[in-house]
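[1] Pasting the sequence and the predicted coordinates here, then a few questions.
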2 protein chains.
Amino acid sequence: MKKYYLMAPGPTPVPNQVLLAMAHPIIHHRTPEYEALFARVREGLKWLIQTTQETILLAASGTGGMEAAVANTLSPGDKSLVIRAGKFGERWAEICQAYGVEVVALDAPFGHTVPADRVADALTKSSGIRAVFCQHSETSTGVLHDVKGYAEATRGSDAILVVDAVSSLGVADLPMDAWGVDVVVAGSQKGLMLPPGLAFCTLSDKAWALVKRARLPRYYFDLLEEKKLVVKNQPHFTPAVSIVVGLAAALAMLQAEGLANVFKRHDRLARATRAGVEALGLELFAKATPSPAITAVVSPKGIDGERVLATFASSHNITIAGGQGEMKGKVFRLGHMGYVGDFDVVVALGALEQVLAELGYPVDWGAAVGAAQKVLAERAP
Amino acid sequence: MKKYYLMAPGPTPVPNQVLLAMAHPIIHHRTPEYEALFARVREGLKWLIQTTQETILLAASGTGGMEAAVANTLSPGDKSLVIRAGKFGERWAEICQAYGVEVVALDAPFGHTVPADRVADALTKSSGIRAVFCQHSETSTGVLHDVKGYAEATRGSDAILVVDAVSSLGVADLPMDAWGVDVVVAGSQKGLMLPPGLAFCTLSDKAWALVKRARLPRYYFDLLEEKKLVVKNQPHFTPAVSIVVGLAAALAMLQAEGLANVFKRHDRLARATRAGVEALGLELFAKATPSPAITAVVSPKGIDGERVLATFASSHNITIAGGQGEMKGKVFRLGHMGYVGDFDVVVALGALEQVLAELGYPVDWGAAVGAAQKVLAERAP
């Protein structure tokens, strides 16, 4: 028996209490029971997203939410600014292009970030930009982008700021209203500790105003139709009922912990992970602010990242993630978001020591775990 | 304690063994475990849909699958023929219109059907039709449309036949390849006995040929991108993992029963339900072939259908469905698809007798149940 551990950046482990909530007999979505559930979920999401706006739930995974954000706010031929420094930045550009939206790309090498002043410059130089698209946590590189700065750069313009928070919601602080973010897109299978299949779109008044004149086609992802019903606690189309049931349970867990504590926990686990990785002489892939959701590690010279991933699985029954696209083979990624605690990091780093040694890398036994332990021993002053 | 019964036309009850399968620790979708699961699911779906074609799974509910069928096969300005005799027929037209596809509607009053010769005529008279859209089982009216006839009418033309089989897959016989259906769209929460959140699109070679030249925008619902990966048992985007796990369990149950038996069971339960309803002097809403998935009943004079629905819930903790759109208040609907057996019909009709009596309708106690029992007592010759 090799105990299984899921340590990838999504899906993340689903707590047993959430799994069991979802294993209850299914309820119908046109009932007072569902409406009561949805009312609790609405309040929980306002708390989590730090907004007074309603969140639209879509039965889709995160990419569906990203597409909904594009299709509901823009018209054919509109111009968008896309911050592109990873696989998911590329995805924003691909969605825009699929819909005939012009893309002005602000590129940075993968692992780096785009400073907010480049966004401000681009908005000044290139007129007519309707929307700025970015990631908060770029899951493919492990970088946390400067959403607060992007929001400041966007605020004075006609453009909205659309943030992919798929791997940052419930992980890194993202006060939507306080920062002035216009659209927050998220998914269920990361910080929210749920199975994939539920996407979230939350829009500011500025974004809702755009929706009314946006002419890109949408039907299943029609956010305005959903919004008309959400205030009555009703869905437009058949929702992902079981995941919404799980969402209520997961939100209750997060609310019991407290939002500030949720963010502190992730920050601490991420710092411990990075300390452990660096103690082994490995290099972080993130050259900018690292994400508290995930640590992308440059695979050591002579060791293919895909072999690291495969050895985690074959020798230790642990799922981590490899590199995506051009990063395949060059990095491996350790997830530490959602239902994770101190000793998940200890396990991950213990396994990393074993795996690297097995692959011929010189390991000072306990170096990674010890460095992490030191961080984990920190107490609040 | 009032025992709860879900007797609506979707979501339908999820068997305990499926709920428990889905309550297992979640797995990652980029692993050999998921690929092995997906391989089993692919085979099961070919068996269920009676086709050699691959089925594309989408993390979405049925309407997302319908939109995918439109967006992947047509181009702006294309002409479509829509068979419109219920709420879901209207939905095909709405999706086409949302995407700028011209709609030629073949209407029938709700509760009726459109004969296949009208489809043949329309295809002859109106040149340039690229796709014919219809329902198999029209969930809103309880009518089963003549998909076999529509397929014959379409076969010689350039048009594809796209069938919404959301409430008929695993309920009514729909041999895709034998009949020559070009696109089958389905959802998880009806005959497949799963929570909502998974949609299915299966395309014929004729339909795949259209996909290659179709220019409507799509990204999340890009079927060709999914198809490239499905043969490797891999998903394009993060799939609805937990529902796919449930799907494997549900398919195993259906395979153990045998496809012919699945259809016979639904036919028998539907006939028993109709016999019971008529024994109470009530009128079926379906004036054409009734669907084996659902029975829509005209609410008796002086009794609002919404009160029937509400009394099922308040007096007996049973969820049934009301009328949709213009049928609201005029009909109520009893679902009998998915994880249903003889005594579910007995319960439904027993409750119907109680509810109608409570609402002042003269009930001959046991008449509905007795009429159903007689049908259920039938044995194969």
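    Perfect, I can see it now. Numbering: from 1, shown residues only, chains lettered A, B, ... in the order given.
[2] For the residue lying closest to A:Leu194 once chain neighbours are set aside, report the pLDDT, please.
    Of all residues not flanking A:Leu194 in the chain, A:Ser188 sits nearest, at 3.9 Å (Cβ to Cβ, 6 or more residues apart in numbering or on different chains). Yep, even glycine has a C-beta here, placed from its N, CA and C like the rest. A:Ser188 carries a pLDDT value of 98.
[3] what residues does the stretch 151-300 of chain A put near chain B?
    Residues of the stretch 151-300 of chain A lying near chain B by Cβ under 8 Å from any Cβ of the partner chain: A:187, A:189, A:195-198, A:216-220, A:222, A:237-243.
[4] rewinding a little: report whether the expected contact of the residue nearest to A:Leu194 with A:Ser242 is present.
    No: counting by Cβ atoms under 8 Å, A:Ser188 sits too far from A:Ser242 to count as a contact (10.9 Å).
[5] And the helices in the stretch 1-150 of chain A?
    A:16-22, A:32-49, A:62-73, A:87-98, A:116-125, A:147-155 (DSSP state H, counting those that start in this stretch).
[6] Need the winner for burial among these.
    helix A:62-73 (a mean of 27; mean count of other Cβ atoms under 10 Å in any protein chain shown).
[7] Spatially central residue in chain A, please.
    A:Ser167 (1.3 Å; Cα atoms, centre = their mean).
[8] Could I get the pLDDT score of it?
    pLDDT at A:Ser167 comes out at 97.
[9] So it lies in a strand, does it not?
    No: in this structure, A:Ser167 is coil, not part of a strand, as judged by DSSP: H, G, I helix; E, B strand; the rest coil.
[10] got the contact list for it?
    Counting by Cβ atoms under 8 Å, 6 or more residues apart in numbering or on different chains, A:Ser167 touches A:Pro9, A:Gly10, A:His136, A:Ser137, A:Thr139, A:Lys190, A:Gly191, A:Ser291, A:Ala293, A:Ile294, A:Met337.
[11] just those residues now: which is nearest chain B?
    A:Gly10 (7.0 Å; Cβ to the nearest Cβ).
[12] helix/strand/coil for the residue nearest to A:Val184 when sequence neighbours are not counted?
    If the residues on either side of it in the chain are set aside, A:Val184 comes closest to A:Thr202, at 4.5 Å by Cβ to Cβ, 6+ apart. Three-state call for A:Thr202 (three-state DSSP): strand.
[13] which residues does A:Thr202 bridge with?
    As for beta bridges, A:Thr202 partners with A:Thr55, A:Val184 under DSSP bridges.
[14] residues touching it, list them.
    Per Cβ under 8 Å, 6+ apart, neighbours of A:Thr202: A:Leu45, A:Ile49, A:Thr51, A:Gln53, A:Glu54, A:Thr55, A:Ile56, A:Met176, A:Val183, A:Val184.
[15] quick one: the second one from chain B, how far?
    Distance of A:Ile49 to chain B, given as Cβ to the nearest Cβ, to the nearest Å: 21 Å.
[16] for the last one, same thing?
    In this structure, A:Val184 and chain B are 18 Å apart, going by Cβ to the nearest Cβ.
[17] returning to what we had before: can you read off the backbone torsions of the residue nearest to A:Leu194?
    Backbone torsions of A:Ser188, given as degrees, to the nearest 10, read phi -80, psi -20.
[18] Measure how buried it is and give me the count.
    Neighbour count for A:Ser188, taken as other Cβ atoms under 10 Å in any protein chain shown: 33.
[19] rewinding a little: CSV please, covering the contacts of A:Thr202 and showing pLDDT.
    Shown next, in CSV, are the contacts of A:Thr202 (pLDDT from 0 to 100):
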residue, pLDDT
A:Leu45, 98
A:Ile49, 98
A:Thr51, 98
A:Gln53, 98
A:Glu54, 98
A:Thr55, 98
A:Ile56, 98
A:Met176, 98
A:Val183, 98
A:Val184, 98
